[in-house]
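Asks: Just a sequence and a predicted model for now, questions to come.
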Amino acid sequence: MLKIVKGMSSIQRLAQNLIGTEFDSLDEAYEFYNLYSWETGFGIRLAKSRLNVQRVRCMQKIVCACAGSPLKENNHSSRCGCSAMIRLLRSKDAGWYISEHKSGHNHPLSITCGQKMHWKSHRHIDRYTKDLVKQLRDNNVSLGKVFSIVGSFFGAAENVPFTKRSLKTLCRKLNKEQSDLDAVKTMNMLADMKADDPEFNYTVQVDEESRIRTLMWVTSRGCDQYRYFGDAITFDTTYRTNLYDMPFGLFVGVNNHFQSIIFG
């Protein structure tokens, strides 16, 4: 597998002889060529593809965003017939390799970070950076600090090929994915506890979008203690989670030794 994120200079050196470069997937090939296009100063997009007799894609062209002719009614199109491109062919092991590369452009190349950000292909975050952002956010690194760390990989924050707004959107998406995963893990855990303890009971309320709104559970031990010491109960909601901002309440009582016990 081609290791992509090793610094822009390695991309530039490798790009001097692209033909024959191998990739595990089309996505990997796209990310590589997009990094190269960022360093060079142009944008890219997918173009023609071809299917084999099994109806499986076997060829894919990725062209400069200025390739082709503009539509007559579009006076602001950047298309000007640029021929820069790479042609990818599927290999026998289901990977991909570059069979053709044209590097010449017939238009000015972008120089500054601001100019490069105008290309649509550079307004998204590549999957390697997404993995880095996910690891940092999983360790509670703040959004501003994440952007600074990502900037260090690109030499400086102003060289990062996406905006803070894009990063914020990604973090929001990651939080939602994590929330969905946490909900699944929680329900699986409760089901396992029910299987181990038949008297274990839980109830769940969901909102109109099927998100967990309230969750209550009680163990068989909590039920037994309630039968003996349920005369006086307090409901304590002083705990609050950081991620979901949901109150965590405990039904608490006192046994005959004046020790606090949890009913549910």
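Replies: Arrived safely.
Asks: Make sure Asn106 is actually in contact with Cys82.
Replies: Yes - between Asn106 and Cys82 there is a contact under C-beta atoms under 8 Å: 5.3 Å. (Glycine included, C-beta is placed from N, CA and C.)
Asks: Relative to Tyr228, how far out is Asn255?
Replies: Applying C-beta to C-beta, to the nearest Å, the value for Asn255 to Tyr228 is 8 Å.
Asks: Next: Ser148.
Replies: 57 Å.
Asks: for Cys171, same thing?
Replies: Shown here: Cys171 relative to Tyr228, a distance of 48 Å by C-beta to C-beta.
Asks: any chance you could map the strands in this structure?
Replies: For the chain, the strands defined by DSSP state E cover 22-23, 44-51, 57-64, 85-90, 96-102, 201-206, 212-218, 234-240, 247-254, 260-262.
Asks: for the last one, the distance to its chain's centre please.
Replies: Averaged C-alpha coordinates place strand 260-262 at 42 Å from its chain's average position (C-alpha atoms, centre = their mean, to the nearest Å).
Asks: shaky segments in the stretch 101-250 of the chain?
Replies: 114, 157-159, 161-163, 176-181, 209-211, 230-234, 236-246 (pLDDT under 70).
Asks: redo that, cut-off 90
Replies: 102-250 (pLDDT under 90).
Asks: And the helices in it?
Replies: Per DSSP state H, counting those that start in this stretch, the stretch 101-250 of the chain carries helices over the ranges 113-116, 127-138, 143-153, 164-196, 220-229.
Asks: Name the residues of the last one that come out as buried.
Replies: Applying a neighbour-count criterion of 16 or more other C-beta atoms under 10 Å, one finds 222, 225-226, 229 buried in helix 220-229.
Asks: Next one: the residue sitting nearest the centre point of the chain from Leu35, what distance?
Replies: Compute the mean C-alpha point of the chain, and by C-alpha atoms, centre = their mean the closest residue is Lys130, 5.0 Å away. Using C-beta to C-beta, Lys130 is found at 14 Å from Leu35.
Asks: Likewise for Ala156?
Replies: Ala156 is 17 Å from Leu35, where distance means C-beta to C-beta.
Asks: what's the answer for Glu28, then?
Replies: 11 Å.
Asks: what do you get for Leu136?
Replies: Per C-beta to C-beta, Leu136 is found 20 Å from Leu35.
Asks: Check Ser103 too.
Replies: 15 Å.
Asks: Give me the more crowded residue out of the two.
Replies: Using other C-beta atoms under 10 Å, the more surrounded residue of Ser103 and Leu35 is Leu35, with 21 against 14.
Asks: thought that one was touching Arg127?
Replies: No - taking contacts as C-beta under 8 Å, Leu35 lies outside contact range of Arg127: 11.5 Å.
Asks: Ser49 contacts Met59, correct?
Replies: Yes - contact criterion C-beta under 8 Å: Ser49 and Met59 qualify, at 6.1 Å.
Asks: Read off the pLDDT value for the spatially most distant residue from the centre of the chain.
Replies: Within the chain, the residue lying farthest from the chain centre (C-alpha atoms, centre = their mean) is Asn256, at 52.9 Å. pLDDT, Asn256: 70.
Asks: Quick check: the closest residue to it other than its chain neighbours vs Asn255, distance?
Replies: In space, and not counting its chain neighbours, Asn256 is closest to Phe229: 7.2 Å by C-beta to C-beta, 6 or more residues apart in numbering. Phe229 sits at a distance of 5 Å from Asn255 (criterion: C-beta to C-beta).
Asks: Mind listing the shared neighbours of these two?
Replies: Ile261 (C-beta atoms under 8 Å, 6 or more residues apart in numbering).
Asks: ok, the residue nearest to the centre of the chain - contacts?
Replies: Leu170.
Asks: what residues are up against the residue lying closest to Leu170 once chain neighbours are set aside?
Replies: In this structure, Leu170 finds its nearest non-sequential neighbour in Ile125, 5.6 Å apart by C-beta to C-beta, 6+ apart. Shown in contact with Ile125 (C-beta under 8 Å, 6+ apart): 133, 162, 166-167, 170.
Asks: Tell me how far Ile125 lies from Asp131.
Replies: 10 Å.
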